[in-house]
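In: Mind looking at a prediction? Sequence and model below.
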Amino acid sequence: MFLELLNMLCSVFHFALHLSGESFPKPLSLKEERECFKKIEEGDEGARNKVIEHNLRLVAHVVKKYNQSNVDQDDLISIGTIGLIKAVSGYSYKKETKFATYASRCIENEILMYFRSLKKSAQDVYISDPIDTDSEGNSLSLIDIVADEHDIADDIEEKLKAEKLYRYVAECLTPRERTIVKLRYGLCQSTPLTQREVASLLKISRSYVSRIEKKALLKLRARFEQ
């Protein structure tokens, strides 16, 4: 059943990618989405398929980020669609997180795991075998692709970690703790400041800044360890 659904979605996807973005089913409204997830809880496969089909645009959006990679786009579409299906299965509409936010992370996580698996398997027997040519006709081997994919995987992983950090800062810290952490570590593209500079800016003692910073970092570490 799962493979049949995946094959069907990928066929639709491959066709739609050659057309305009309007060829994808339009996203569901929040009300429609919520109703579908209620039905999914009751075992309604039709509602499940509807949510997947109406979020194919999201997979396309994520896949486009990796158009410059040496991985076949059809493979990324399939992998991204698996991530979307997993997102539908794991999402709870009772939480405040929007489904699109949750699903995009699942899709990127699935692609990241795929790149990791390629890096691992590419270290075996065929790493030097020529498999393609570049724009100038030079032979490309798996090791050339692995080098590129290493950067891609690292970029994705760093992006996911950054997203988690900003989310945890917003969720776990008090307003004062958030301010001090952002100033100390240069979050939001600001310049990192010393504890003394932060203390001067906020008109509090340096030791107080140190205590708040330490408490905030412990909170964040505990949240990451969960």
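Out: It's in. Numbers count the residues shown, from 1 in each chain.

In: Now stretch 105-117: buried residues?
Out: Along stretch 105-117, these residues count as buried under the neighbour rule (16 or more other C-beta atoms under 10 Å): 105-112, 114-115. To be clear about C-beta, it is placed using only N, CA and C from the backbone, and glycine gets the same treatment.

In: Going by secondary structure, the closest residue to Lys164 other than its chain neighbours is in what exactly?
Out: Counting by C-beta to C-beta, 6 or more residues apart in numbering, the nearest residue to Lys164 once its immediate chain neighbours are dropped is Phe224, at 7.2 Å. Phe224 belongs to helix 206-225 when elements are defined using DSSP states H and E.

In: quick one: low-confidence parts of the protein?
Out: Within the chain, the stretches with pLDDT under 70 are 1-23, 67-71, 119-160.

In: can you give me the strands for this structure?
Out: With DSSP state E as the definition, the chain shows strands at residue ranges 130-133, 139-141.

In: Closest to Leu183 out of the buried residues of stretch 105-117?
Out: Nearest to Leu183, judged by C-beta to C-beta, of the buried residues of stretch 105-117 is Arg105 at 27.6 Å.

In: measure that closest one to Leu76 for me?
Out: Taking C-beta to C-beta, to the nearest Å as the criterion, Arg105 is separated from Leu76 by 16 Å.

In: circling back to that earlier point, in helices only, show me the buried residues of stretch 105-117.
Out: Judged by DSSP state H, the subset of the buried residues of stretch 105-117 located in helices is 105-112, 114-115.

In: Between those residues, which sits nearest Val209?
Out: Arg105 (33.0 Å).

In: measure that closest one to Val59 for me?
Out: 13 Å.

In: How many neighbouring residues does Cys36 have?
Out: Residues lying near Cys36 (other C-beta atoms under 10 Å) number 23.
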